[in-house]
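Q: got a sequence here, can you build the structure:
(chains A, B, C and D)
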2 protein chains.
Amino acid sequence: MLKDHGLSVTSVRLAMLGVLDGHAHADADTIFNAVFKEIATTSKQAIYNNLHTLVAHGLIREIKPKGLSCLYELRVGDNHHHIVCRSCGKVVDVDCVVGRKPCLTPSDDHDFLIDEAEVTFWGICPSCQKNK
Amino acid sequence: MLKDHGLSVTSVRLAMLGVLDGHAHADADTIFNAVFKEIATTSKQAIYNNLHTLVAHGLIREIKPKGLSCLYELRVGDNHHHIVCRSCGKVVDVDCVVGRKPCLTPSDDHDFLIDEAEVTFWGICPSCQKNK
DNA sequence: TAAAAATTTTGATTGACTCAAAATAAATAC
DNA sequence: GTATTTATTTTGAGTCAATCAAAATTTTTA
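A: Residues are numbered from 1 along each chain as shown, chains lettered A, B, ... in the order given. Presented below is the predicted three-dimensional model:
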């Protein structure tokens, strides 16, 4: 997968992809800590470098719900959306509401060349509802 | 308007609302600089304090497109959406795609109690299209 | 007008993220 | 396989939006 994109295969990258495979919507710090358990010499900077590189090559997707750090996920290219808990910040995926290429058409595009519609649902997750 | 919400009427708040009235999607720094022209003794902290207070009382709305600082606008309660230019960061409003309470229903709510659907369209604005 | 409450100012601080350059590892050419 | 080139990683400093805390001031209430 990395080679297909002309990227070097490094232990840090493999570890990062492994972490994301087991933990969608992880932030840079979470990924760093998880990778650090395997590779004690790794650095935050390497994590940031690779996150940017992988995003640029479309291997991972970056989202940034208000109030949270950037989150990363392996699901790319399917234009799925997210529900975010206002209370604990938990994020879950939801398939696109409308169809394949969904809400790509706003009521008025103001002559913008639109390539993505990002949808974020906000609410309270089940466990935070209980704790209230 | 401020009094209706039990808030003190201060010169800084009036100036801020005036700025937002003339300039939707302004960030804290922009608002500070504009207010500073009227009230040379004002501080960034006062701006931040009031932005939070006004947001909490629902008098203004805060959005935070990825890569930009928090932006503020007077249009509240109508669940409108935004188009953001990937190149220059310009933001424009779009009315809700679907209707009054639009996309409030995702394909699967995962038992979240959802209260808002935030839609951000990403693309290239007309003037950035020309400069390409 | 005085007392109480809210706001503003001032200054320090945080934290995610970035920048830059030397050190190292991976890929390519021989 | 080894040398060379290229890409990645490490290290350390630095940025910037935003936050925290407390004293000073303004606004509101009595």
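
Q: please enumerate the strands of chain A.
A: A:26-27, A:61-63, A:71-73, A:81-85, A:91-94, A:113-124 (DSSP state E).

Q: can you give me the buried ones in the longest one?
A: Neighbour-count burial for strand A:113-124 flags A:114, A:117-124 (criterion: 16 or more other CB atoms under 10 Å in any protein chain shown). (Glycine included, C-beta is placed from N, CA and C.)

Q: show me what from chain A comes close to DNA strand D.
A: Within chain A, the positions near DNA strand D by CB under 7 Å from any atom of the strand are A:7-8, A:10-13, A:39, A:41-46, A:49-50, A:53.

Q: out of those residues, which are buried?
A: In the residues of chain A next to DNA strand D, the ones that pass as buried (16+ other CB under 10 Å) are A:7, A:12-13, A:42, A:46, A:50, A:53.

Q: which of the buried residues of strand A:113-124 sits closest to residue A:61?
A: Nearest to residue A:61 among the buried residues of strand A:113-124, counting by CB to CB, is residue A:118 at 10.3 Å.

Q: nearest residue to that closest one other than its sequence neighbours?
A: residue B:120 (4.5 Å; CB to CB, 6 or more residues apart in numbering or on different chains).

Q: ok, now residue A:128?
A: Using CB to CB, 6+ apart, the closest residue to residue A:128 is residue A:87 (4.0 Å).

Q: same check, this time on residue A:119
A: Residue nearest to residue A:119 in three dimensions, not counting chain neighbours: residue A:81, with 4.0 Å by CB to CB, 6+ apart.

Q: the one you found pairs with what?
A: Beta-bridge pairing for residue A:81 (DSSP bridges): residue A:94.

Q: thought it was touching residue A:92?
A: No. At 9.9 Å, residue A:81 does not count as touching residue A:92 under the criterion of CB atoms under 8 Å.

Q: compare the two and say which is more crowded by neighbours.
A: Neighbour totals were compared for residue A:81 and residue A:92, and residue A:81 leads with 24 against 19 (other CB atoms under 10 Å in any protein chain shown).

Q: domain assignment for chain A?
A: As assigned by automatic domain parsing, chain A contains the domains A:3-72, A:77-132.

Q: residues touching stretch A:1-10, excluding its own?
A: For stretch A:1-10, the surrounding residues in contact (CB atoms under 8 Å, 6 or more residues apart in numbering or on different chains) are A:13, A:17, A:53, A:57-59.

Q: partner strands of the lowest-mean-pLDDT helix or strand in chain A and their direction?
A: Lowest mean confidence among the helices and strands of chain A (mean pLDDT, DSSP states H and E): strand A:113-124, at a mean of 91. When pairing is defined by DSSP bridges, strand A:113-124 lines up against strand A:81-85 (parallel), strand B:113-124 (antiparallel).
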